[in-house]
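# Let me see the structure of the following:
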Amino acid sequence: MQSSNKQIGIVKQVKRREVIRTGTTVEQMVRAIADMIVTGAILPGEKLDEISLASRFEVSRTPVREALRELGAMGLVGREPNRSAIVTNVTGSYLHSMFEAMAELEGICARLSAERMTVDERRALELEHRGSMRLVHAGAEEEYSAHNTEFHTRLYRGAHNDHVLEMVMQTRARLAPFRRAQFRLPGRLAKSYQEHDVIVTAIVRADGQAAGQAAYAHVEIVSDASAVFATPGE
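Residues are numbered from 1 along each chain as shown. Next up is the predicted model:
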């Protein structure tokens, strides 16, 4: 996953965008801080002071501590006892290893979904997918990102395997900031839609092998797109 000069330029443009989305819930804080870390608004090694964050988000320090714990579980923040949280490096190699696992899990989910989804589940997946085209045309990154989360959740649940669902949801939580960030790259919304289309077509046809291969390939592409937001190094 090597970054070209063009990719570096794209990342710099992304960093200049406004990514702060304040809120009062832990989930909102986790999302906002994670996006700032991934896009470089907050750099590796920077301290995350509880008091400053509480003031910024207009909350008490209790939800800030919970948000920092969740960010730590995602691998974005490190913390030693009685010390401030510090933004950690997420290297390209480690990010690749997570996406590699995710590709395998999503491939399994898509294959099982093609084999096990009910008629109503297939119809709902297809309708939601078709409806997202308007978001692509509008260039609605935030809205498409929300759709993307729901689309993949349907895919995971459609496998009707609770253990696989638990594993894939845990892995997705670690990768969520990077999967959101990819939609800021030029042309990524349209490409994502096309990749989803191949998966949906295979599932509707109950072609498990094709669905699994399409989902695996999709995550590999997402991995490459997200790599520009990782820290270079081993």
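# CA only for contacts and neighbour counts going forward, please
Will do.
# Check which residues of stretch 35-51 are buried.
By 16 or more other Cα atoms under 10 Å, the buried positions in stretch 35-51 come out as 35-44, 47-50.
# With only the CA atoms kept, save it in CSV.
The C-alpha coordinates for stretch 35-51 follow below in CSV (Å, rounded to 0.1, in the frame of the first residue of the first chain):
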residue,chain,number,x,y,z
ASP,A,35,-12.3,11.5,12.1
MET,A,36,-9.9,14.3,13.2
ILE,A,37,-7.2,11.8,14.0
VAL,A,38,-7.6,9.8,10.7
THR,A,39,-7.7,12.9,8.5
GLY,A,40,-4.7,14.5,10.3
ALA,A,41,-6.4,17.4,12.0
ILE,A,42,-5.0,15.8,15.2
LEU,A,43,-1.5,14.3,14.7
PRO,A,44,0.1,11.2,16.2
GLY,A,45,1.8,12.1,19.5
GLU,A,46,-0.6,14.9,20.4
LYS,A,47,-2.2,14.8,23.8
LEU,A,48,-5.9,14.7,24.3
ASP,A,49,-6.7,16.7,27.4
GLU,A,50,-9.9,15.7,29.2
ILE,A,51,-10.7,19.2,30.4
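# the domain parsing of this protein - what is it?
Using automatic domain parsing, the domains assigned to the chain come out as 5-87, 92-229.
# most packed of the ones you listed?
Mean neighbour count (mean count of other Cα atoms under 10 Å) peaks for domain 92-229 among those, with a mean of 19.
# Figure out how far it is from the centre of its chain.
10 Å (Cα atoms, centre = their mean, to the nearest Å).
# Could you tell me the end-to-end distance of it?
8 Å (Cα to Cα, to the nearest Å).
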